[in-house]
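Enquirer: Quick check, what structure comes out for this input:
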Amino acid sequence: DEDARDLPVLKDLWDITKPNLRGQFKGRLYTSNSAGFRGPEIAIAKPPATFRILLLGDSFTNGQGVRYEESYSALLSAALNSAGDSRSYEVLNLGIGGFNLWSSVHRLKLDGLKFNPDLVIYGYTANDIEGRAYRNSRNLGRPDWMTPSRLLNLLGSQWDYLRDIFRPAKGSYT
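Expert: Numbering: from 1, shown residues only. As a prediction, the model looks like this:
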């Protein structure tokens, strides 16, 4: 990212929660507002006729590895505010790479609730629950449901996750 080339390199996830930050993280320009989260400046007091959405979650929620304008928080904000509704929408991005549900709820309590959100969305990707023991007792070869169809493959993998909730494999984090 050319805009970040001469900026300091941010090395760990806690660096990116500092207020008023401007640096490079994972090779991309990374900025934070005065509250220490990614995105535009947001006043604690919610303006009238404003619907506030607070996003919590992992690196995907944070938009790690992409410019802020490419993050789903920025895209959601742009889509909602261009829809011609009488309200304005603020989308607050409190995602941090590697955060699980417990960490996200902690950040919600510590940093998010003071913004009085109307909606809280928790986003995560499956790699946030994986570790050495995750699915270690499953045969990781080609599953029976694997087909040439991407949709069926996606549904099949979701079926595996659902099955693990009700009948977890030995050694599973579930």
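
Enquirer: where along the protein do the helices fall?
Expert: With DSSP state H as the definition, the chain shows helices at residue ranges 59-62, 72-81, 101-107, 150-166.

Enquirer: Where does pLDDT dip in this structure?
Expert: Counting by pLDDT under 70, the ranges of the chain that qualify are 1-2, 4, 127-161, 164-165, 168-174.

Enquirer: if I look at the most centrally placed residue in it, how far off is residue 71?
Expert: Closest residue to the average C-alpha location of the chain: residue 61 at 1.7 Å, with C-alpha atoms, centre = their mean. Residue 61 is 8 Å from residue 71, where distance means C-beta to C-beta, to the nearest Å. C-beta here means a position set from N, CA and C on the backbone, and glycine is covered the same way.

Enquirer: likewise residue 119?
Expert: 17 Å.

Enquirer: Ok, residue 85 next?
Expert: Taken as C-beta to C-beta, the span from residue 85 to residue 71 is 21 Å.

Enquirer: again with residue 118
Expert: Counting by C-beta to C-beta - residue 118 and residue 71 are separated by 20 Å.

Enquirer: neighbour-wise, which of the two wins?
Expert: Legend: neighbour count by other C-beta atoms under 10 Å for residue 118 and residue 71, higher for residue 71 (23 against 13).

Enquirer: ok, now which ones touch the more buried one?
Expert: Residue 71 is in contact with 38, 62-63, 93, counting by C-beta atoms under 8 Å, 6 or more residues apart in numbering.
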